[in-house]
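S.K.: Provided below are the primary sequence and the corresponding predicted coordinates.
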Amino acid sequence: MTATLIDGAAVASSLVRRIAALTSDFTATTGRKPGLSVCIVGDDAASGVYVRAKEKRAGEAGFDSRVIRKDAALSQAELLQSVEALNADESVDGILVQLPLPKGLQERAVIEAIDPHKDVDGFHTENSGKLLCGIADGFVPCTPFGCLHLLRHHFARQGESLAGKRALVLGRSNIVGKPMALLLLAEHATLSIAHSRTRDLPALCREAEVLVAAVGRANFVQGDWIREGAVVIDVGINRDQNQNQGRLVGDVDFPEAKKKAAAITPVPGGVGPMTIAMLLWNTLVSAHRRSGLPPPCLEAEEEKN
Ligand code: NDP
């Protein structure tokens, strides 16, 4: 078997075009653009790349996109003041503080300081709690939200759904693994979660009809761990130190896994572009709610793809 590629870049571009059309309607109705403010502290190279990509996409979608750059020597109190200023700014619908923060700054305190109604990253405990309880008016973290969108897109094309499928999430971080697991559960998948203490991981992987890998280790998931006909979502973004001058690779050994899987996301061009598209989606939803308008419906937009 040679896997079909799940083309995250193409799915994301299509969704961003839909977001741009909805933004144009929103702006015509309200006389303002959805506002997204990204705060970046210090000069982490990878964060700089992400923030530039977000800025470009937000511009394409017709947003009022702002990047606030702060020196790494910024104090916790100064960062909290900046967040407060964004909370109070009526033109800002979405606030994102780029992680990781430089040493000495407490990420959790900063996340909790963001107005949950503007927390388009979905990391505030109020939004995590809503996801856990199945309350629909929160914000879902962008990376697992993007993975879910890709899975729904893939299964819809097959005339199938996630319901009843055996799904394995590899990783249990607050930003990827745990919310991903909750989203799969909400789609009625039969769920397992694996982590660094899991015993006999290859055997567990071989049971999975849907495998989402979010481990942060280059080429960690071996080809012979993949169940024949599985759908594989590779969240990992790693530098392969062994070959090709540190090119970007995922958590899955892509050349081997694609011989077994029915469908797989590439790295790059899989989950990464979807993360940014979902950030724009969350911001558009926030702008509608804050303007007293009914938010757009993602399922309806998915059907138009
Ligand atoms: P974390 O480091 O926070 O979490 C990694 C998880 O993998 C942990 O739960 C850890 O288990 C588990 N793990 C580590 N080693 C093993 C092992 N040997 N066996 C089994 N499980 C293991 O990473 P993130 O969740 O933040 O990110 C995961 C990957 O996704 C990274 O490559 C990151 O760059 C990428 N990423 C990509 C994004 C995108 O837009 N495409 C966005 C965000 C992240 P334990 O809890 O026991 O330590």
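M.R.: Noted; the coordinates are in hand. Numbering: from 1, shown residues only.
S.K.: how about stretch 19-28: buried residues?
M.R.: 19, 20, 22, 23, 26, 27 (16 or more other C-beta atoms under 10 Å). Bear in mind the C-beta positions are built from the backbone N, C-alpha and C, glycine included.
S.K.: can you put those in TSV and add pLDDT, secondary structure and distance to the ligand?
M.R.: Shown next, in TSV, are the buried residues of stretch 19-28 (pLDDT from 0 to 100; DSSP: H, G, I helix; E, B strand; the rest coil; distance: C-beta to the nearest ligand atom, whole Å):
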residue	pLDDT	secondary structure	distance to the ligand
19	98	helix	17
20	98	helix	21
22	98	helix	23
23	98	helix	22
26	98	helix	25
27	98	helix	28
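S.K.: can I get the residues you listed in JSON lines including distance to residue 141?
M.R.: Output for the buried residues of stretch 19-28, formatted as JSON lines (distance: C-beta to C-beta, whole Å):
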{"residue": "19", "distance to residue 141": "18"}
{"residue": "20", "distance to residue 141": "23"}
{"residue": "22", "distance to residue 141": "21"}
{"residue": "23", "distance to residue 141": "22"}
{"residue": "26", "distance to residue 141": "23"}
{"residue": "27", "distance to residue 141": "27"}
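S.K.: among the residues you listed, which one lies nearest to residue 155?
M.R.: Nearest to residue 155 among the buried residues of stretch 19-28: residue 19, at 22.3 Å, using C-beta to C-beta.
S.K.: for the closest one, give its distance to residue 53.
M.R.: Residue 19 sits 15 Å away from residue 53, going by C-beta to C-beta, to the nearest Å.
S.K.: please apply the same query to residue 188.
M.R.: Residue 188 is 33 Å from residue 53, by C-beta to C-beta.
S.K.: next: residue 83.
M.R.: Distance from residue 83 to residue 53, by C-beta to C-beta: 22 Å.
S.K.: looking at those two, which is more packed in?
M.R.: Shown here are residue 83 and residue 53; by other C-beta atoms under 10 Å, residue 83 has more neighbours (22 against 14).
S.K.: and residue 25, which helix or strand is it part of?
M.R.: Here residue 25 is covered by helix 8-30, with elements defined by DSSP states H and E.
S.K.: got a list of contacts for that helix?
M.R.: 33-34, 57, 60-63, 146, 149-150, 153, 265-266, 269-274, 276-277, 280-281, 284, 287-288, 291, 293, 296, 301, 304-305 (C-beta atoms under 8 Å, 6 or more residues apart in numbering).
S.K.: can I have the buried ones of those as a ChimeraX selection?
M.R.: In ChimeraX, this line selects whichever of these come out buried by 16+ other C-beta under 10 Å:
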select :33,34,57,60,61,62,63,146,149,150,153,265,266,269,270,271,272,273,274,276,277,280,281,284,287,288,296,301
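S.K.: now narrow the contacts of helix 8-30 to whatever sits close to the ligand.
M.R.: The subset of these within reach of the ligand, by C-beta under 6 Å from any ligand atom, is 271, 272.
S.K.: among the contacts of helix 8-30, name the ones in helices.
M.R.: Cross-referencing the contacts of helix 8-30 against helices under DSSP state H gives 57, 60, 146, 149-150, 153, 271-274, 276-277, 280-281, 284, 287-288, 301, 304.
S.K.: which positions in the chain make contact with the ligand?
M.R.: So far as C-beta under 6 Å from any ligand atom goes, the chain lies against the ligand at 143, 171-173, 175-177, 194-198, 201, 214-217, 235-238, 271-272, 275.
S.K.: repeat that with 8 Å
M.R.: 50, 142-143, 146, 170-177, 194-198, 201, 214-217, 220, 235-238, 250-251, 267, 270-272, 274-276 (C-beta under 8 Å from any ligand atom).
S.K.: now, which of these lie within helices?
M.R.: Per DSSP H, the subset of these in helices is 50, 142, 143, 146, 177, 201, 271, 272, 274, 275, 276.
S.K.: list just the nearest of those residues to residue 229.
M.R.: The closest of these, once distances to residue 229 are taken by C-beta to C-beta, is residue 201, at 19.6 Å.
S.K.: can you report how many residues lie near that closest one?
M.R.: Applying other C-beta under 10 Å, I find that residue 201 has 18 neighbouring residues.
S.K.: you'd agree it is up against residue 195?
M.R.: No - at 9.3 Å, residue 201 does not count as touching residue 195 under the criterion of C-beta atoms under 8 Å.
S.K.: can you pull the residues that touch both of these two?
M.R.: residue 170.
S.K.: where does pLDDT dip in the stretch 201-305 of the chain?
M.R.: Along the stretch 201-305 of the chain, segments meeting pLDDT under 70 span 243-245, 305.
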